[in-house]
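Enquirer: Prediction below, plus the sequence it came from.
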Amino acid sequence: EDQVTQSPEALRLQEGESSSLNCSYTVSGLRGLFWYRQDPGKGPEFLFTLYSAGEEKEKERLKATLTKKESFLHITAPKPEDSATYLCAVQGGSEKLVFGKGTKLTVNP
Amino acid sequence: DGGITQSPKYLFRKEGQNVTLSCEQNLNHDAMYWYRQDPGQGLRLIYYSQIVNDFQKGDIAEGYSVSREKKESFPLTVTSAQKNPTAFYLCASSPGPWRSGANVLTFGAGSRLTVL
């Protein structure tokens, strides 16, 4: 059974304080790993797809990386507007997407 | 602008009543999905449809029903058989079925159902 574990559950940062969110996964035959951002009371918004170990993708202050067992979402010099819940999902041999519980990020000014 | 429209945004239901949540997309996507989100839990798949007039049960289909008569519409009915229906419901779509690799989901804004 495909599984996704995100850590920490919640993270508080000061504006400008860089950090990383973790997504550990077990899957039979990784087809893709996805990162989404979700604001309170809204639907998730797509950020990145990673397909193979060693792959990296960047968007503004966010950088996603992938190894054979985990993915990291690095946030460089975050701003208050980066506050949101970040969701990780994997697609394996079963083809269905499996989501983690998310990391709630709060960036204080 | 293309996107997914869910309605209503908020819905209150008395116990024993069926309710239907609407989901419409104008992205010309083949596949559509319904997820349930509860506090502290990941998104859980209720039903999905990868082509018109066909749909499959997800991980938590009991107490729910769907139809896919048109490509752009995928309504979800929460029946009285669903024991704990209070939750945030998210509709999503993707360009093609999971098998095709076109798996990036576009989500609607969600519908919050509360059972009184």
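Expert: Everything's here; your move.
Enquirer: burial measure for the residue in chain A positioned nearest to chain B, as a count.
Expert: Nearest to chain B in chain A, going by CB to the nearest CB, is A:Gly43, at a distance of 3.3 Å. Bear in mind the C-beta positions are built from the backbone N, C-alpha and C, glycine included. Residues within reach of A:Gly43, counting by other CB atoms under 10 Å in any protein chain shown, total 22.
Enquirer: which residues does the nearest residue to it once chain neighbours are set aside contact?
Expert: Leaving out its chain neighbours, the residue that sits closest to A:Gly43 by CB to CB, 6 or more residues apart in numbering or on different chains is B:Phe107, at 3.3 Å. Contact analysis of B:Phe107 by CB atoms under 8 Å, 6 or more residues apart in numbering or on different chains lists A:36, A:43-45, B:4, B:90-92.
Enquirer: Tell me the one among the residues you listed nearest to A:Val98.
Expert: For the contacts of B:Phe107, the residue nearest A:Val98 by CB to CB is A:Tyr36; the value is 13.0 Å.
Enquirer: rewinding a little: so what's the residue nearest to A:Gly43 bridging to?
Expert: Applying DSSP bridges to B:Phe107 gives these bridge partners: B:Ala92.
Enquirer: what kind of secondary structure is the residue nearest the centre of chain B in?
Expert: Centroid-nearest residue in chain B, with CA atoms, centre = their mean: B:Trp34, separated by 2.5 Å. Classification of B:Trp34 using DSSP: H, G, I helix; E, B strand; the rest coil returns strand.
Enquirer: Tell me how many other residues surround A:Lys42.
Expert: 15.
Enquirer: Correction: the previous question concerned B:Thr79.
Expert: Neighbours of B:Thr79 (other CB under 10 Å): 15.
Enquirer: what does the one 10 residues further on give?
Expert: When neighbours are counted by other CB under 10 Å, B:Tyr89 registers 22.
Enquirer: Just want to check the distance between it and chain A.
Expert: Distance, B:Tyr89 to chain A, by CB to the nearest CB, to the nearest Å: 10 Å.
Enquirer: Can you tell me the SS state at that residue?
Expert: Following three-state DSSP, we place B:Tyr89 in the strand state.
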